[in-house]
Every structure is written in C-alpha cells, then in structure tokens.
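Peer 1: just coords:
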C-alpha cells in the first residue's frame, strides 16, 4: 500500500476538534475496520449495534460519540478500556477525515513519461505527472499537481484543473472542461456524442449536431466506466462536489447540480436537470427533459417518465411514486388473492339471499 | 472547436431544396440553438411551442416550416423579421443536414504516428490516420479515409472499411468486420467472447466455444462503452444504418437489422433477432432467442422474456405488454385501494340485508 | 481464425470416454453448428427438437446421446448415416471439451514488446507475453504463461497468476490479486475505489477510505467492461471458477463465491455476499449487505432490497419473491379488470335486491 503518515492520537484529536480520553502520545499509522483493528490503527464506532464490538476493540485509537462513552463508562473509569478515545459528534465523518490525514492520495512526482505524446501547443503545468502511453491534444491545458495515469487520451482544447487524478484508460474528447480536484476513475469517457438523430423520408437516420461541450466542476468524482456525453448545442454539466458511481450514463445537455449522489448503472437521458443535493439510487432510468428538485431522493431501479417534475421527498418504483404510496400499493397487491376470495364469497352469499327473497315461503 | 465551412444562406437553400425568403447573400458559419443563436448562426423552428421564440430569434438564418411562416406572416410582410428564412418541410432534418455542411467531421491528415504498432502483414490504406499508442494486428485491413484515434487496439484478421471513425480506447478483437462510415465511440468493445458455458458433473463451468465473428455494417454508430460479443459458432450482426447509444450490451449471435435505434444501457442476450426499423428504449432487457418484428417499439426499462416474438406496436413493462394494456392495468392498480373499500361496503350492505331478510318482522 | 489441431474421431472418442460408432480414422479440425457443419467438422445433438437436423447433418462427426442413437437406429443399421458418431452422456459438454482440444487458446510466444513500460522492480515471468503500450507498475508479479495484451495498465504491487489472458484496455489498480487461468475481457477494471462518502454538516461529501483490495481467484472469467471495486477496508472477492458477463458492477467488500454465474449488466452494491453456485440473471440489482445462499437462482431484472437473505430457490421480480408467487400474483393482476366488473355487478344485484326487500308488495 502507498505511503502513510504517522500521527499521535493527540494530534488527531486536535485536528478533529475532538475530546481526547486516554494516552495522547500513542502513534497511529492506519485506519482499519473496527473488528480487525489493532496496534497502530484507528477505528470508529458509530451505530449502537457496534458498541459491544467497540468495547472489545484492540485498536490503538477509537473515534466515538458521547453515547458510546456513556455505554463504556464503567470500563473507562476503571482504566479497563484499551484504546485511546477521541470523542466527536460524527465518528464516521471523523474517520473519513483521519483517513485523509493518515493516507494522502498516492503522490506522483512531477514527470512526463517519454512515451507520452503531448502536442506542442498544449500547456501542461510543470508539476503534472503524465504516465506512459498518454496522449494530450492541441491547445489543451493541464493544471498544477494533476496526475494523468497511463493510457489516458485527452483531445484538443481540453481544460483540466489542478490536483485532479485521471486514472488509466480515461478518454476526454475535444473541448471538455474539468475543474480542480476532480477524480476520474478508469475508462471514464467525457464528451462523446450525444444520442440524437433525425429520420428522413426514406427512414435513414441523420446525426443531429453534437457540437456542445461538457463542464465537470470542482471536487467531482466519477466512477469507473461512467460516460458523460457532450451537449448537442449547449453544454452538459456536472456540478461541484457531485459523486457518480460506476457505469452511470449521463446524456447530452443534462444539468446535474452540486453535491448530487448517483449510484451505479443509473442512466440519464438528454436534457435532464437534477438540482443540488439530490440522491439517486442504482439502475435508475430517467427519460428526457425531467427536472428533479432539490430534496428529492429516488430509490434504486426506479423509472422516471420523460418530462416529469420530481418534487422533494422519497420516490420509488416504475413509474416513480412517493415511497409511502408505493408501499401501500404493494401491500394491496399482496392482498389480491384474498380480494378475489372475498368477491367470490360475496357472490355466493348474494345468490343465497336472492333465492331466499324470491322464495320467501320456503 | 474544429473547422467549419462558411456558406451563404442562398447556398444552403439550394442544398436543402428549400424556399429562400430574405437576403440570400448573408454568410453563416455555425448551427446554434434557437434561444441563443445570433449573427452568423443558423437555427431551426420545428414545434409550434417554439414559434414565439422563432419570431424573436437573433439568428442570421432560420429553417422553418410553412406553418411558422404563416404565424410570422405580418412581421415578414412588414420587413420586421430579422433572420433570413429557408422554408422546408422538415426543419429539424434540414438543420441536421446544414450542420453536416457547416461542420464536417474533424479531418485528420493521413498519418501513421511513430508510436503506433502496425503488423507488417496489415494493409492500412495510405489515407488513413493512425494516432499514437494504437496497435493493429496481423493481416488486418483498414480502408481509405478511416481515423484510428489514440490507444485503439485492433486484433488480427480484422477488416475495417472506409471513412470510419474509431475513437480512443476501442478494442476490436480478432476476425471482426466493420463496414464503411462506421463510428465507434470511446471504449467500444467488438468481438469479446459471448457468455456461454457448460456445466460438468462436478459443477464446474466449461467454456462453450466462442469462435464466431461480428459483422458491423455500413453507417452504424455505437455509443461509448457499447459491447458487441462475437458469435459462438456463427456471427453477431449489426445492420446498416443502425444506431446504438452508450453502454448497450449485444450478446453472441444476435442479429440486429437495419436502421434500428437502441437507447443506452439496454442489454440483449444471445441469439436475439431484431428486425429492421425497430426502436428500443434505454435499460431494456432481452432474454435469449427473442425475435422482434419490424414495426415494434419497446419502451424504456421493459423486459422481454426468452423466446418471445414481439409483434409490431408499442410495448411496455416487465414482462412487456401492449402499451394500451399496460396503461389500463396501471389505472386498475391505482384503483386497488378503492376496490377494497367497495368490497368492504358490499359486505356491510349484504350483512344488513341478510339481517333484514332473516328478521322481516322488525 | 487462429491455429487448430487435427484429431481423428477415434482420438476424440478416447478423450471423451465415449462410444465410437462409425469410421474412427476420419480427421476433424473444427467444431461447428449442427445446421452448417460439413467435412472435417464436429457438431453435437442435444435436445430432442434437433434430432431431425442431426439425422440430416453433413458433419464428419456428431456427438450425441443414446436417445439420439435410438432415434436414428434404422439409418445407422442400414449404413445410411453419414457422420461418425460418438455416444456420450452429455453431448453439449462433450462439444465444449472437443472445442478446447481442437482450438487451443491463441498462443503468444514469450515476448516483451519494446513499447511496453515495465517497472524495474516488477517480476514478470520469462514466459509471459506483454503487448505494446502496456504498463506494469512497481513490485508487480506476473506468472508464467500469462498474456498481457496491448494497452493494458497494471498498477503497483499487483499479483497476476499463471496462464491468465488479460485483454486490451484492462486496468488493474494497485494491490489487487488475480489467480491462475483468469480471463479478463477488454476494458475490465479491477480495484477502482468503492462508492462511499460521509456527509459533513455543510452537506459536502468526504471520501470514506477505500484502502482495501480485490482478490480474483483461479479460473474466473470477467466479461468486457465489468468492474470490481476494491474493498473499503477489507477485500472484495470473486471465488474460483466464477463467471461474470459484460458490464457487471461489483461494489466494495462484496464476497462472491465459487462457480457463481452472473449475466450482463447486473449491479451489486457494497458488502453483498453471494454464496457458491448461485445463478444470477442480467440487469439484476442488489442493495447492500445482502446474503444470497447457495442454491438460489435470481431471474433477470430482479431487484433485491438491502439487507435481505435470499434462500435457495428461484426468485423473480422487484422486490424479489419466489417465482411461483410472482407468477400467481401476475395472474391475479391480469384479472383485475374482471374483478372490477364483478364488483360492479355485485353492487347492481345488491341494489336490486335491496329494493325488492324494501318494497316486497311490488
């Protein structure tokens, strides 16, 4: 594994603005899972169901909430508690921050591999790492500290910001723009033509112009094999801090806001707007010209019909409906066999009653 | 952006066989969206809902239908209408054709990059562009005018036609055949082994032979990351003029006809036949040995069971049903809670009536 | 097509431990489809519906079951049957074995292409083939007989076993481990970061550490574009002999057992366990922390909710239910319109009866 820093528990506590309980001079070198953590490792206890595991932990340092401290009060008082403790409001968040402190992203020294092919007119910062078999096109700019790993292909007139990581096999088509601190995982494709054709009288398809561009804002991370198509005439945008999982398809002219999260294999047709802070599950499908309002959460495998406006709330199903209604409908579905029986029984009773009314003498 | 041609509006009108209204000597250089088009740009007005935007357009030239001309008759008569007009039957189609005239595909001069690796027995036309880090295998042929972009890998005994564009990161396995004017977007994979195994008595899987080939006919376009597996023993075919979006999976021995359109993330199992002119939405799943007849339209997210014959018409749902039935069923589903109430009410009334009949004296 | 071996029918019969009927001295060079097989080719007859085609076959050799021999008894007795026959219990399995005998995997002579970039500290066996534009990182080991095709990128500290085939464009991130005889199709990505973030008070997402690894066991085959993410803190595992189709997504910390089969475009969220011998269809979606028990079969397009335990049996639908129940429910659904009619009719009859009871004199 790549380089790690060594920090004392006291240093971590300071960085996290957390309350230190125990020996602050202990050194830690690694984050680890609560169940396996041992000497030199930091773990976290979040959910109550892990409190027992937390009390038994062999980690050197635990990040934990007040509630956990409460639960382990006796052990701590009696000095029976092994790990040093750092008390924080959000242990899982603190753990992510500690991981970033202990395990900085793999560093690559500034370097241009002799087998990289870089256009003369390209402007590659001196601090950039460019691996072997990379190609970088005319007039393209690559910002300071960015890593361009082996086999990446970057077209003409592309702008890549600072401190980005572009993993192997990524393709950036001409004219796309990538912000700062963007992470593109292996085989991501940005700026391929959108899917638009016009049919002529003979039934043949003619390409609708796909001449727009793509803007990927700062702090975006795109999972392996995710594709973001270029705008047809305007642009496709992925807003700041948004995270897409593997194999997500983003069609032409989509406008995805900031801090949006989209799980794997979701597909978004053209001209869909997803506002800030929306959460989308995996394998969701969006028709075109949808607008998803901030505050909406869309469950995995849902399907959203073209042109829909999706309001805040939790949505589920194909086509989507509010989760409550979806659950209610599913419950009704489960009772269908019983409903049929009830109808049969009603029919039987009614027939009997009809007979009784028509032949009252009997 | 890449090169563009400069044309007069009169030249465009001639090319489109459209009626020119206004100053034919104006020069245009670019297609643009109706809402943003300005000097030197061509836009189109199609749907009636854009007529107002069309009348307010700052474009140099508008492609429009008779209906639009009718709606703007007063302005045109009074010479209040800014853009030159070209009247055509299908403005969107005309726009696509104008885009092709103004914005020819990126030209690459004939060139073999010194870091491309081309087998001695390969037959690469002198007019071909081969980018850096490309490899081309034994006995492979590449036709005139084709562009093979950086990082493409082409196996042995492959045939690629004329004027194709093969974007970065594409892999063509051995023995596949690609027609003329085919566009393969980044990371397309053609000819990987199909998914076929035979289980032995001990439960282990043995590869069923995947020794067939793939034929991609003329004028096909495949979106980024689309995969077309080779036939097991025969061939997998994609017919002339067919367009597949991103991340479509085409299994072994599929036979996809001409002018078929398939949206993103659709998956097609082995030995499926899709006849000419079929339209398939995104995220559709096909079991194996299906036949989709010409004239069928299959909505997004649909699922088609193995062995089905899908007749002409519009299909929807999992498993698919005619769209009308799907809608009717969905309407019935929505009324399920009401049906339960009705059954309850019937039961109540019946019980009352039973009591009344049994105790008539009261 | 690549090299093939030439064998006599008698040699095949010996290898298959099958009963030879006919001329054992005939040479065969190729497997072929029953319908097209001719001189020098071997085909198989499995299902009864192909018996007629089998009796008409022009193949040099047929692999067939006792049942087929029975059906062709008259022709065989009268020496009217053309192909030599090898009688085996499982003709399709025998066919797969024959294909492996006649058509060994494409051989590559041991070779390091001069345009491959291999770290000095890497340990690449002398019998390995490394194609052009490959890069192999520090301390990485590649076992004997493995083929690393053009454009593959292998990170640092990776271990690849013996006799693997790594197709073009594959990316192996740092620290992953690949067993023996593994086949990775084009653009497979192993070891990208899992999708895990922690939200802070301001709504920004921080990366949860993705520092684990991936273990791909022996005899695994992964289809083109399949992604297996690294563990967050532990490992992601694909067990021995498991076969994944194209574009399958395997999230961080999944544990996939041995001899599991998963069809194309299925997505598996983090921390899912799939036990040995499970079969999963295409486009299935798994929430996180699911356990699928050995003996389960999950139909295409199914959706499994997070945290579920999936027991042995056949499962279908979203969310999954036993196939029988799914079918029953679907049948009920189809009868919904009829149920509504029945309710209406009951209401009508009841109203009539009410009237009759209330006005008995009429």
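Peer 2: Right, received. Where do you want to start? Because the structure is a prediction, the values reported are computed rather than measured.
Peer 1: what residues go with each domain of chain A?
Peer 2: The record's domain parsing of chain A by automatic domain parsing lists A:7-102, A:111-323, A:325-362.
Peer 1: which residues of the stretch 51-200 of chain A score low on pLDDT?
Peer 2: Along the stretch 51-200 of chain A, no part satisfies pLDDT under 70.
Peer 1: Distance to chain B added to the domains of chain A, as JSON lines?
Peer 2: Every residue, glycine included, has its C-beta placed from N, CA and C. Output for the domains of chain A, formatted as JSON lines (distance: least, C-beta to the nearest C-beta, whole Å):
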{"stretch": "domain A:7-102", "distance to chain B": "30"}
{"stretch": "domain A:111-323", "distance to chain B": "4"}
{"stretch": "domain A:325-362", "distance to chain B": "4"}
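Peer 1: Can you tell me which of these is packed in deepest?
Peer 2: domain A:111-323 (a mean of 22; mean count of other C-beta atoms under 10 Å in any protein chain shown).
Peer 1: Next, the distance between the ends of that domain.
Peer 2: 52 Å (C-alpha to C-alpha, to the nearest Å).
Peer 1: do stretch A:19-36 as well
Peer 2: 24 Å.
Peer 1: got a list of contacts for the lengthiest helix in chain A?
Peer 2: The longest helix of chain A (DSSP state H) is helix A:336-358. Residues outside helix A:336-358 that contact it (C-beta atoms under 8 Å, 6 or more residues apart in numbering or on different chains) are B:336, B:339-340, B:343, B:346-347, B:350, B:353-354, B:357, C:328-329, C:332-333, C:335-336, C:339, C:342-343, C:346, C:349-350, C:353, C:356-357.
Peer 1: the helices in the stretch 151-300 of chain A, which residues?
Peer 2: With DSSP state H, counting those that start in this stretch, there are no helices along the stretch 151-300 of chain A.
Peer 1: What residues does it have near chain C?
Peer 2: Residues of the stretch 151-300 of chain A that fall close to chain C, judged by C-beta under 8 Å from any C-beta of the partner chain: A:151, A:167-169, A:183, A:185-187, A:219, A:221, A:223-225, A:241, A:243, A:245-247, A:259, A:261, A:263-265, A:277, A:282-283, A:300.
Peer 1: so how far is residue C:199 from the closest residue to residue A:64 other than its chain neighbours?
Peer 2: Of all residues not flanking residue A:64 in the chain, residue A:45 sits nearest, at 4.6 Å (C-beta to C-beta, 6 or more residues apart in numbering or on different chains). Distance of residue A:45 to residue C:199, computed by C-beta to C-beta, to the nearest Å: 19 Å.
Peer 1: bridging residues for the residue lying closest to residue A:32 once chain neighbours are set aside?
Peer 2: Distance criterion C-beta to C-beta, 6+ apart; nearest residue to residue A:32, sequence neighbours excluded, is residue A:41 at 4.0 Å. Applying DSSP bridges to residue A:41 gives these bridge partners: residue A:30.
Peer 1: who touches residue A:41 in this structure?
Peer 2: A:28-32, A:59-61.
Peer 1: Then residue A:39?
Peer 2: Taking C-beta under 8 Å, 6+ apart as the test, what residue A:39 contacts is A:58, A:60.
Peer 1: Which stretches in the stretch 1-150 of chain A count as helices?
Peer 2: Using DSSP H, counting those that start in this stretch, helices in the stretch 1-150 of chain A cover A:9-16, A:51-55, A:66-71, A:73-77, A:91-102.
Peer 1: which one of the ones you listed lies closest to residue C:112?
Peer 2: Proximity to residue C:112, assessed across these by C-beta to C-beta, is greatest for helix A:91-102 (37.3 Å).
Peer 1: helices or strands next to the closest one in the packing?
Peer 2: Identification of packing neighbours for helix A:91-102 by 3 or more C-beta pairs under 8 Å, 6 or more residues apart in numbering or on different chains; DSSP states H and E yields helix A:9-16, strand A:30-31, strand A:41-44, strand A:61-64, strand C:197-199, strand C:205-207.
Peer 1: Give me the distance between the two termini of stretch A:202-222.
Peer 2: 40 Å.
Peer 1: Could I get the average pLDDT for it?
Peer 2: Stretch A:202-222 shows a mean pLDDT of 96.
Peer 1: next one: that stretch to chain centre, how far?
Peer 2: 21 Å (C-alpha atoms, centre = their mean, to the nearest Å).
Peer 1: Kindly report the same for stretch A:282-292.
Peer 2: 16 Å.
Peer 1: Could you do stretch A:227-238 as well?
Peer 2: 19 Å.
Peer 1: Low-confidence stretches in the stretch 251-362 of chain A?
Peer 2: In the stretch 251-362 of chain A (pLDDT under 70), the answer is A:360-362.
Peer 1: Would you point out which residue of the stretch 1-150 of chain A is nearest chain C?
Peer 2: residue A:99 (3.6 Å; C-beta to the nearest C-beta).
Peer 1: Excluding covalently adjacent residues, which one is nearest to that residue?
Peer 2: Residue A:99 sits nearest to residue C:209 (C-beta to C-beta, 6+ apart), 3.6 Å away.
Peer 1: hang on, the earlier thing: select from the residues of the stretch 151-300 of chain A next to chain C every entry located in strands.
Peer 2: A:183, A:221, A:243, A:261 (DSSP state E).
Peer 1: any idea how far residue B:199 is from the last one?
Peer 2: If I follow you right, that is residue A:261. Taking C-beta to C-beta, one finds residue A:261 at 40 Å from residue B:199.
Peer 1: Kindly report the same for the third one.
Peer 2: From residue A:243 over to residue B:199 the distance is 40 Å, taken as C-beta to C-beta.
Peer 1: cool, the first one as well?
Peer 2: Distance from residue A:183 to residue B:199, counting by C-beta to C-beta: 41 Å.
Peer 1: For the helices of the stretch 1-150 of chain A, could you give me TSV that also reports distance to residue A:125?
Peer 2: Listed next are the helices of the stretch 1-150 of chain A as TSV, based on distance: least, C-beta to C-beta, whole Å:
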stretch	distance to residue A:125
helix A:9-16	29
helix A:51-55	45
helix A:66-71	46
helix A:73-77	51
helix A:91-102	23
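Peer 1: of all these, which lies closest to residue C:255?
Peer 2: Of all the helices of the stretch 1-150 of chain A, helix A:51-55 sits nearest to residue C:255, with 19.2 Å by C-beta to C-beta.
Peer 1: What is that closest one packed up against?
Peer 2: Short answer (3+ C-beta pairs under 8 Å, 6+ apart): helix A:51-55 packs on helix A:66-71.
Peer 1: Which strands or helices does the helix it packs on pack on?
Peer 2: helix A:51-55, strand A:84-87.
Peer 1: rewinding a little: you'd agree the residue nearest to residue A:99 is up against residue A:103?
Peer 2: Yes: if you go by C-beta atoms under 8 Å, residue C:209 and residue A:103 touch, sitting 6.6 Å apart.
Peer 1: Common neighbours of these two, please.
Peer 2: residue A:31.
Peer 1: got the angle for the longest helix of chain A vs helix B:336-358?
Peer 2: Computed by axes from the mean of the first three to the mean of the last three C-alpha atoms, to 10 degrees, the angle separating helix A:336-358 from helix B:336-358 equals 30 degrees.
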